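Chemist: here is a sequence with its predicted model. Questions after.
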Amino acid sequence: QVRLVESGGGLVQAGGSLRLSCAVSGRTFSLYAMGWFRQPPGKEREFVVAITRSGTTTDYADSVKGRFTISGDYAKNTVYLQMNSLKPEDTAIYYCAAGGVVSSRSRSYDYWGQGTQVTVSS
């Protein structure tokens, strides 16, 4: 069993920054990729970024390129999402996900956290 717990969400003004954390516990040796997704109000869940456990491959959604950065501290089994230059359209519930492949498709991930709310005010 794998458990993911996100933290770090909150309310921030446009142009500000937040860092989300995703703590991973359980059978982590079987995980190859970590991803972040988000679900804006009234919309479907969408891909943000994914990374391999080794950090050799990353994939970013066009909407966040140059503003968001994913990183991992695998000694701590924690993945981070640094979000800079936040915009009101970044407002969403952000979810951490873990699975076997780096993918922008949510179906590729086997484990999900409960989500953390990020609200960006204009």
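Modeler: Good, I have the coordinates.
Chemist: and residue 118, helix, strand or coil?
Modeler: Here residue 118 takes the strand state, with states given by DSSP: H, G, I helix; E, B strand; the rest coil.
Chemist: what pairs with it across the strands?
Modeler: Beta-bridge pairing for residue 118 (DSSP bridges): residue 10, residue 92.
Chemist: residues in contact with the lowest-mean-pLDDT helix or strand in the chain?
Modeler: When each helix and strand of the chain is scored by mean pLDDT, DSSP states H and E, strand 58-60 comes last, with a mean of 86. Surrounding strand 58-60, the residues in contact under the criterion Cβ atoms under 8 Å, 6 or more residues apart in numbering are 48, 49, 50, 51, 52, 68, 70, 102, 103, 104. Quick note: C-beta positions are derived from backbone N, CA and C, even for glycine.
Chemist: kindly recompute the last result at 10 Å.
Modeler: Strand 58-60 is contacted from outside by 33, 35-36, 47-52, 66-71, 102-104, using Cβ atoms under 10 Å, 6 or more residues apart in numbering.
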